[in-house]
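# Would you be able to build a 3D model of this:
(2 chains)
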Amino acid sequence: MTSETGTKRIVESIPAAVLHGAISALGVSHVLIVPDTHQKTLLASLTQDANLQMLTFSTEDEAICVNAGMWIGGAESVVIIQNVGLFAAMNALRGVAIDMKVPTLLIVGQFGRDVSKTVEENAPTGVRLIEPVLDAMGVPHYRLDFSEDVGVLRTAYDRSRAERGPVVVLIGAPTS
Amino acid sequence: MRRGEALEVLAALKGDGISVGTMRAIADWYELGAAPELNLDNRGCMGAASALGLGIALAQPQRRVIVIDGDGSLMMQLGSLTSIAGSGAANFYHFVVVNGVYETSGFQPIPAAGLADFAAMARGAGYQQAYEFSDIAILRERLPGIFNQPGPAMIALKVELDEVRKEVPADRPKDQAGYLRSQLVGS
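Prediction:
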């Protein structure tokens, strides 16, 4: 991705409205969250949406498990958390989303990222290690670094349903 | 009160409710004939039963959801008490088998065994109802009335240690989540 000045763009802040619109278009009824500083403008926007029920949980494990229960019961939801929360929820990701074969879309903020650097150049392990860990677990993941790529949310959601498992979308920069 | 006889009282009232069991109580539940229909076993993620049950309860508000938790298991996702209370799920009935030990791994005592009060924790978290029973006759008398009142409800079952190890049937549905979903929504 190259800017008008010819420099390579690493990542941009995606407006909350862009992400909100893409999430609404998925047709889910519930958004399950553990608050994420990185995506706070998105969370604020979703909270105002009368067509979506927002539920806040104590831990990311719970959010993944509630998503599973809702799918079993016939309701569709997405999970919004941050990278360090996904590390905290590895057992639910494994034991519930993977082993129980539950469609699970996780929208994960790369909290703590230095946006002037690539993910690989970032010092914080919470940023740099999340993709290798997901690879080790066999969990598909996508980067969402630019507004024009917001369609990846639909791609990831459909893949989670088709493959009956977790799929992660990593939000590269704090939302605006 | 023994776990098996307490769960027998519960099984008799299951009806068309949905159950989510965990750890050692699963074998009793099958032996009582309360599974595998309209049932989910949580064996692979200790502590997850309450949140799995909450999700089902929110998606199926017309059905009663019965979670059969363990004391050591619940402590692994104790924060779920506030999530459940905050959800206001009126169809959520949370049974916790309190025997004070991690039974599966060799009867090691749980932290604060004999001190922790799970009914009090649930009440403090905001559950609509919370009880503790250690007498089978009283449980048998009171449980129908509890089911007639809206949840979220916590029913702590203080039971004696049971060293008889029962096995979970091998012929359970291979894809339990998918099977239960098909029973509830048809696909």
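
# what pairs with the helix or strand hosting A:Val79, and is each one parallel or antiparallel?
Using DSSP states H and E, A:Val79 maps to strand A:77-82. Strand A:77-82 has the following sheet partners, assigned by DSSP bridges: strand A:30-33 (parallel), strand A:104-109 (parallel).

# What are the contacting residues of the first one?
Outside strand A:30-33, the residues within contact range by CB atoms under 8 Å, 6 or more residues apart in numbering or on different chains are A:23, A:43, A:46, A:52-57, A:63, A:66-67, A:70, A:75-81, B:58. Every C-beta, even on glycine, is put in place using the N, C-alpha and C of the backbone.

# Okay, and which of those map to helices?
A:23, A:43, A:46, A:63, A:66-67, A:70, B:58 (DSSP state H).

# how about the strands paired with strand A:77-82 in TSV, adding mean pLDDT, mean neighbour count and distance to B:Cys45?
Shown next, in TSV, are those (pLDDT from 0 to 100; neighbours: other CB atoms under 10 Å in any protein chain shown; distance: least, CB to CB, whole Å):
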stretch	mean pLDDT	mean neighbour count	distance to B:Cys45
strand A:30-33	98	24	16
strand A:104-109	98	26	13
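
# what residue is smack in the middle of the chain?
All of this refers to chain A. Nearest to the geometric centre of chain A sits A:Ile107, at 0.9 Å (CA atoms, centre = their mean).

# Switch to chain B, please.
The centroid of chain B falls nearest to B:Ile68 when counting by CA atoms, centre = their mean (1.3 Å).

# What separation is there between that residue and B:Met121?
Using CB to CB, to the nearest Å, one gets 17 Å for the distance from B:Ile68 to B:Met121.

# How about B:Gln77?
Using CB to CB, one obtains 13 Å as the distance from B:Gln77 to B:Met121.

# more neighbours, the two?
Higher neighbour count among B:Gln77 and B:Met121: B:Gln77, with 24 against 19, using other CB atoms under 10 Å in any protein chain shown.

# which residues sit in contact with that one?
B:Gln77 neighbours (CB under 8 Å, 6+ apart): A:59, A:61-62, A:65, B:47-48, B:50-51.

# quick one: which of the residues you listed is most hemmed in?
The most crowded member of those is A:Cys65, carrying 34 neighbours; neighbours defined as other CB under 10 Å.

# Within the helices and strands, which one has whichever residue of chain B sits closest to chain A?
At 2.0 Å from chain A, B:Gly55 is the closest residue in chain B, using CB to the nearest CB. Assigned by DSSP H and E, B:Gly55 belongs to helix B:49-59.

# where does that helix sit relative to the chain's centre, distance-wise?
Its chain's C-alpha centre and that of helix B:49-59 lie 11 Å apart, by CA atoms, centre = their mean, to the nearest Å.

# Against which helices or strands is the following helix or strand past it packed?
Where DSSP H and E defines the elements, the next helix or strand beyond helix B:49-59 is strand B:65-70. Under the contact criterion of 3 or more CB pairs under 8 Å, 6 or more residues apart in numbering or on different chains; DSSP states H and E, strand B:65-70 touches helix B:3-11, strand B:18-22, helix B:25-31, helix B:49-59, strand B:92-98.

# Any chance of CSV for the ones you listed, columns mean pLDDT?
Below are the helices and strands packed on strand B:65-70 laid out as CSV (pLDDT from 0 to 100):
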stretch, mean pLDDT
helix B:3-11, 95
strand B:18-22, 95
helix B:25-31, 91
helix B:49-59, 98
strand B:92-98, 98
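
# so which of those comes closest to A:Asn122?
Minimum separation from A:Asn122 across the helices and strands packed on strand B:65-70 (CB to CB) falls at helix B:49-59, 31.4 Å.

# the inter-axis angle of that closest one versus strand A:77-82?
Counting by axes from the mean of the first three to the mean of the last three CA atoms, to 10 degrees, helix B:49-59 lies at 130 degrees to strand A:77-82.

# re the thing from before, now the angle from the helix holding B:Gly55 to strand B:18-22?
Between helix B:49-59 and strand B:18-22, the angle formed by their directions is 170 degrees, by the same axes, to 10 degrees.

# circling back: what's the following helix or strand after the strand holding A:Val79?
Toward the C-terminal end, the helix or strand that comes next after strand A:77-82 (DSSP H and E) is helix A:83-88.

# what does chain A put close to chain B?
A:30, A:55-59, A:61-62, A:65-75, A:91-92, A:94-96, A:99-102, A:164 (CB under 8 Å from any CB of the partner chain).

# Mark which of the residues you listed are buried, thanks.
Listed as buried from these are A:30, A:55-59, A:61-62, A:65-73, A:75, A:91-92, A:94-96, A:100-102, A:164; burial here means 16 or more other CB atoms under 10 Å in any protein chain shown.
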